[in-house]
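**Q** 3D model of this:
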Amino acid sequence: MSDVTSTSTDTSDGTDTSDRRETADRTEAAEPGDGPPRLTRLTFHNPLSEARADRIVRRLAGAGPRTVLDIGCGWGELLLRVLAVVPEARGVGVDVNARDLARGRRDAEAQGLAERVEFVEESAVGTGRGPADLVLCLGATQALSGAEPPEHTVEALRELRRLVVDGGRVLLGEGFWQRPPTPAELAGMWPEARADEHHDLATLLDLAVAAGFRPEWTETANADEWEEFESGYQADAEVWLAGHGDHPLAAATRERLDRHRAQWMSYRGVLGMAYLTLVAA
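**A** Just a heads-up that it's a prediction; the model follows:
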């Protein structure tokens, strides 16, 4: 979602962390004309803080990647940060969201990275763009598989192993249940949310090992990161709505915002986001 992703992440920079929510939010956020601005408060489309992102980038850069592939890249913020600290590296970001890709191209141009990165609008299913030294997939495992959750996680991990060189790194951002959700909580989440839709963290790690990886580093988003992400996800539209209550798009925007906030309150503290740095064994 690379952004979330995966509840409200609509890339993999992040991330809808709930894959079904991603499709719905992406469609509804793409309002035409002079409607609310979109996601300008988010640096990453995942519950990812600046401090954690800096640590991750340093860790990944330490492996010396020359080629970087970002699956479900969104606007590719983490991809660009890796390229900025590894001058010899080149990158490709793949996503189906043209607006996010355009933002990524603008950011790359502004940072002097445009000659070393390509943002491509295409499906990642069966992609032939690997293998790369480093593969980023943040909140975007659904981009690699047509299977239903949670089976898509197993297929995506196999694809990620195919897309990375032996000894290379994968940064996987994936949703997991912090604890089993109650029926009432599931009823308030995204449409048709199920208790078996996500794994727990231990199972997610076991699946990564079974797919041919060793976990170099395991970390999870904390409550502050989630709150900053979810608030930033809504903030632009909330401020716009407060001043445009009679706009033709106001009713639809209000419905979307209120629904998303209620869903967040249902998965808050239940749905987690794991950031796994995996080494291809």
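**Q** count of neighbours near Gly62?
**A** When neighbours are counted by other C-beta atoms under 10 Å, Gly62 registers 11. C-beta here means a position set from N, CA and C on the backbone, and glycine is covered the same way.
**Q** need the contact list for it.
**A** For Gly62, the contact set (C-beta atoms under 8 Å, 6 or more residues apart in numbering) is empty.
**Q** what does Met265 give?
**A** So Met265 contacts Gly188 (C-beta under 8 Å, 6+ apart).
**Q** which element is it on?
**A** If you go by DSSP states H and E, Met265 is part of helix 250-267.
**Q** What's the mean pLDDT across that helix?
**A** Averaged across helix 250-267, pLDDT comes to 97.
**Q** what distance separates that helix from the centre of its chain?
**A** 20 Å (C-alpha atoms, centre = their mean, to the nearest Å).
**Q** For the following helix or strand past it, C-alpha coordinates in PDB please.
**A** For helix 250-267, the following helix or strand on the C-terminal side (DSSP H and E) is strand 271-280. Listed next in PDB are the C-alpha coordinates belonging to strand 271-280 (Å, rounded to 0.1, in the frame of the first residue of the first chain):
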ATOM      1  CA  LEU A 271      -5.400  -5.200  13.300                       C
ATOM      2  CA  GLY A 272      -1.700  -4.900  13.300                       C
ATOM      3  CA  MET A 273       0.900  -4.100  10.600                       C
ATOM      4  CA  ALA A 274       4.100  -6.200  10.600                       C
ATOM      5  CA  TYR A 275       7.300  -4.900   8.800                       C
ATOM      6  CA  LEU A 276       9.400  -8.000   8.100                       C
ATOM      7  CA  THR A 277      12.900  -7.700   6.700                       C
ATOM      8  CA  LEU A 278      13.400 -11.000   5.000                       C
ATOM      9  CA  VAL A 279      16.600 -12.600   3.600                       C
ATOM     10  CA  ALA A 280      16.200 -14.900   0.600                       C
END
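**Q** elements contacting strand 271-280?
**A** helix 50-61, strand 164-177, helix 201-210, strand 213-220 (3 or more C-beta pairs under 8 Å, 6 or more residues apart in numbering; DSSP states H and E).
**Q** just so I know, which of these lies nearest Arg194?
**A** Among those, strand 164-177 comes nearest to Arg194, with 10.8 Å by C-beta to C-beta.
**Q** what's near enough to touch Ala132?
**A** Pro65, Thr67, Val68, Leu69, Val92, Leu163, Val164, Val165, Gly168.
**Q** out of those, who's nearest Thr220?
**A** For the contacts of Ala132, the residue nearest Thr220 by C-beta to C-beta is Val164; the value is 22.1 Å.
**Q** what's around that closest one, how many residues?
**A** Neighbourhood size, Val164 [other C-beta under 10 Å]: 25.
**Q** Any figure for the gap between it and Gln142?
**A** The gap separating Val164 from Gln142 is 19 Å, by C-beta to C-beta, to the nearest Å.
**Q** OK, contacts around Val125?
**A** Counted by C-beta under 8 Å, 6+ apart, Val125 has contacts Ala143, Leu144, Ser145, Gly146.
**Q** Buried ones among these?
**A** Ala143, Leu144, Ser145 (16 or more other C-beta atoms under 10 Å).
**Q** Just send those residues back as TSV, with pLDDT too.
**A** Shown next, in TSV, are the buried ones among the contacts of Val125 (pLDDT from 0 to 100):
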residue	pLDDT
Ala143	95
Leu144	96
Ser145	92
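**Q** Identify, from those residues, the entry nearest to Leu276.
**A** The closest of those, once distances to Leu276 are taken by C-beta to C-beta, is Leu144, at 15.1 Å.
**Q** So which bits of the helix holding Met265 are buried?
**A** Those would be Ala250, Thr253, Arg256, Leu257, His260, Gln263, Trp264, Ser266, Tyr267, for helix 250-267 by 16+ other C-beta under 10 Å.
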